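Colleague: for reference, the sequence and a predicted model appear below.
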Amino acid sequence: MEERTLAETIKEVSRKHLEENGGLLIGQCITALGWVNGTVPNVQGIVELPMTDVAGAGIAVGAAMMGRRPIFVVRFQDFMMLNSSPFVNYAAKVKELHGKTAPVFIRALASEGMGPVHSGVLHSVFMHFPGFIICSPMTPGEYEEAWEVFMENDRPMFVSEHRSSFQNTEELEDKVHKKADITLYGISYPRFALEETAKMLAEDGIVCNIVHIMWLKPFEITDRLLEPLKRTNLGLVIDNSFEICGAARSIAYELSDASGYPVKALGLLDKTKCLCKPYRNEAPDSKLIFETVKKIIRDC
């Protein structure tokens with residue numbers, strides 16, 4: 001089978017839904033500027049919205065309640081703060097409170113280096129609210145899995161995407177050793193830095209396990225996640241959302257609580273994310289993860 005990039009996979013998943021399921025794809029600037037980085041097919045069923053964020057999200061929720069299972073595209077994840085109200089205050093609550101459903105597939109695109117309101121990663125915010133399924137797929141296979149789960153459920157799904165992953169064709173596999181010093185858990189874009197980090201650590205005599213996390217909520221403690229930690233007695237969860245009150249700290253706490261071993265967290269600093277050097281606040285790269293691991297091991 002010919003390898004497909006993640007972007008091509010998203011495009012094909014969307015095409016099938018629009019052409020075969022009578023679905024909808026809704027969002028702003030969908031057909032402009034490269035069809036959302038080449039992830040949207042040129043087929044019937046696309047609804048172009050004006051720059052009215054709250055209203056657009058409301059339209060998506062209404063379409064979901066009518067059984068259309070819309071794909072709602074938010075080209076910059078920062079804009080989810082504007083689009084959140086209909087999802088948080090209605091779509092995520094309506095089943096529990098009224099027995100109705102509003103399944104929306106929310107494609108929230110994150111980026112690096114695109115300015116203070118175009119580079120955010122906000123999946124941590126939506127983990128706070130009940131009613132959402134939340135994931136961050138970085139591979140073609142993971143995206144197909146996310147879509148299958150969405151179609152099997154009747155809850156809104158927040159899909160935290162990252163433009164830097166769109167040309168990826170490979171699946172990201174866990175790497176677990178019989179004897180290791182620390183277990184690294186990767187979320188979102190920093191997952192691509194873990195292999196290089198492991199090589200850098202190995203040169204310093206430190207062996208690390210690599211475990212990939214795609215499902216953020218519900219977050220289930222499984223043997224796949226827990227067994228590597230039991231071998232190392234020490235873990236680090238890395239994410240590219242803000243560390244304070246973030247996914248990395250939340251999941252680190254759950255892993256630590258389940259295992260009884262210390263698990264640290266690494267995410268963005270508590271400062272503005274922008275283009276200029278003092279405010280870039282970039283996602284953890286292999287160098288930063290390497291330095292963090294060295295400090296953790298030194299302090300333990």
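Modeller: Yep, that arrived. Numbering: from 1, shown residues only.
Colleague: now do the helices in the stretch 1-150 of the chain.
Modeller: With DSSP state H, counting those that start in this stretch applied, the stretch 1-150 of the chain shows helices at 6-20, 33-38, 53-65, 80-86, 94-98, 123-127, 140-152, listed in chain order.
Colleague: again but with the stretch 201-300 of the chain, I slipped
Modeller: Ranges of helices in the stretch 201-300 of the chain, per DSSP H, counting those that start in this stretch, are 223-232, 247-259, 286-299.
Colleague: would CSV of these with mean neighbour count be doable?
Modeller: C-betas here are computed from N, CA, C, even on glycine. Converted to CSV, those look like this (neighbours: other CB atoms under 10 Å):
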stretch, mean neighbour count
helix 223-232, 17
helix 247-259, 20
helix 286-299, 16
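Colleague: next one: residue 284, what pLDDT does it get?
Modeller: If you check residue 284, the pLDDT there is 95.
Colleague: any stretches of the stretch 1-150 of the chain with poor pLDDT?
Modeller: In the predicted model of the stretch 1-150 of the chain, residues 1 satisfy pLDDT under 70.
Colleague: ok, back up a step: now distance to residue 85 too, for the helices of the stretch 201-300 of the chain, in a markdown table please.
Modeller: Listed next are these as a markdown table, based on distance: least, CB to CB, whole Å:
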| stretch | distance to residue 85 |
| --- | --- |
| helix 223-232 | 33 |
| helix 247-259 | 22 |
| helix 286-299 | 35 |
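Colleague: the ones you listed: which one's closest to residue 99?
Modeller: Smallest distance to residue 99 across the helices of the stretch 201-300 of the chain (CB to CB): 29.2 Å, for helix 247-259.
Colleague: leaving out the residues flanking it, which one is nearest to the most centrally placed residue in the chain?
Modeller: Taking CA atoms, centre = their mean, the centroid of the chain lies closest to residue 136, which sits 2.3 Å from it. Excluding the flanking residues, the one nearest residue 136 by CB to CB, 6 or more residues apart in numbering is residue 160, at 4.1 Å.
Colleague: name whatever forms a beta bridge with that neighbour.
Modeller: With DSSP bridges as the criterion, residue 160 is bridged to residue 108.
Colleague: could you find the closest non-adjacent residue to residue 264?
Modeller: residue 236 (4.9 Å).
Colleague: re earlier: how about the helices of the stretch 201-300 of the chain, which one is nearest residue 106?
Modeller: With CB to CB as the measure, helix 247-259 is the member of the helices of the stretch 201-300 of the chain nearest residue 106 (16.1 Å).
Colleague: who are the packing partners of the closest one?
Modeller: Judged by 3 or more CB pairs under 8 Å, 6 or more residues apart in numbering; DSSP states H and E, helix 247-259 is in contact with helix 123-127, strand 182-187, helix 223-232, strand 235-242, strand 263-268.
Colleague: export the ones you listed to TSV and tack on distance to residue 15?
Modeller: As requested, the helices and strands packed on helix 247-259 are exported to TSV (distance: least, CB to CB, whole Å):
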stretch	distance to residue 15
helix 123-127	25
strand 182-187	28
helix 223-232	32
strand 235-242	29
strand 263-268	34
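Colleague: closest to residue 123 out of the helices of the stretch 201-300 of the chain?
Modeller: Closest to residue 123 of the helices of the stretch 201-300 of the chain is helix 247-259 (CB to CB; 6.1 Å).
Colleague: what does that closest one contact?
Modeller: Residues outside helix 247-259 that contact it (CB atoms under 8 Å, 6 or more residues apart in numbering) are 123-124, 127, 185, 187, 213, 216, 219, 221, 225-226, 229-230, 235-239, 241, 243, 262-267.
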